[in-house]
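Enquirer: This is a predicted model, with the sequence first.
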Amino acid sequence: MKNKMQDLRNHLFAQLESLSDPEAKVDLERVKAMTEISKVLVDSAKVEVQFINAAGGKHSTGFIESKPELPAPGKGIGREH
């Protein structure tokens, strides 16, 4: 999948910055449409997190980038216990 949640965040923050430009012309209908689409994407990400939690954290759909699993406490680098 090409687009990730981070891409959405970056795009929304760029749009937010452009709205603060006093010289920029603001298209309210476009802003409303972006807001609605963003809400749907965020809601779908919430469902994905619920799925990952219900599956014991063993699955990922690729929409939300997963991080490598951290070692168990006391099992870090240089520890033998």
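Expert: In hand now; what should we look at? Numbering: from 1, shown residues only.
Enquirer: Any figure for the gap between residue 36 and residue 42?
Expert: 11 Å (C-beta to C-beta, to the nearest Å). Any C-beta I mention is one placed from the backbone N, CA and C, and that applies to glycine too.
Enquirer: Compare neighbour counts for these two and give me the winner.
Expert: When residue 36 and residue 42 are compared on other C-beta atoms under 10 Å, the one with more neighbours turns out to be residue 42, at 13 against 10.
Enquirer: Quick check: pLDDT value at the more buried one.
Expert: We have a pLDDT of 85 for residue 42.
Enquirer: give the contact list for it.
Expert: Contacts here follow C-beta atoms under 8 Å, 6 or more residues apart in numbering; on that basis residue 42 touches residue 8.
Enquirer: distance of residue 31 from residue 45?
Expert: Look at residue 31 and residue 45: by C-beta to C-beta, they are 21 Å apart.
Enquirer: Compare these two and say which is more crowded by neighbours.
Expert: Taking neighbours as other C-beta under 10 Å, residue 31 and residue 45 compare with residue 45 leading, 16 against 13.
Enquirer: Buried ones in whichever strand or helix holds the more buried one, by neighbour count?
Expert: Using DSSP states H and E, residue 45 falls within helix 28-54. Of all the residues in helix 28-54, those buried under the rule 16 or more other C-beta atoms under 10 Å are 41, 45, 48, 52.
Enquirer: from those, which is closest to residue 72?
Expert: Proximity of these to residue 72 (C-beta to C-beta) peaks at residue 52, which lies at 19.4 Å.
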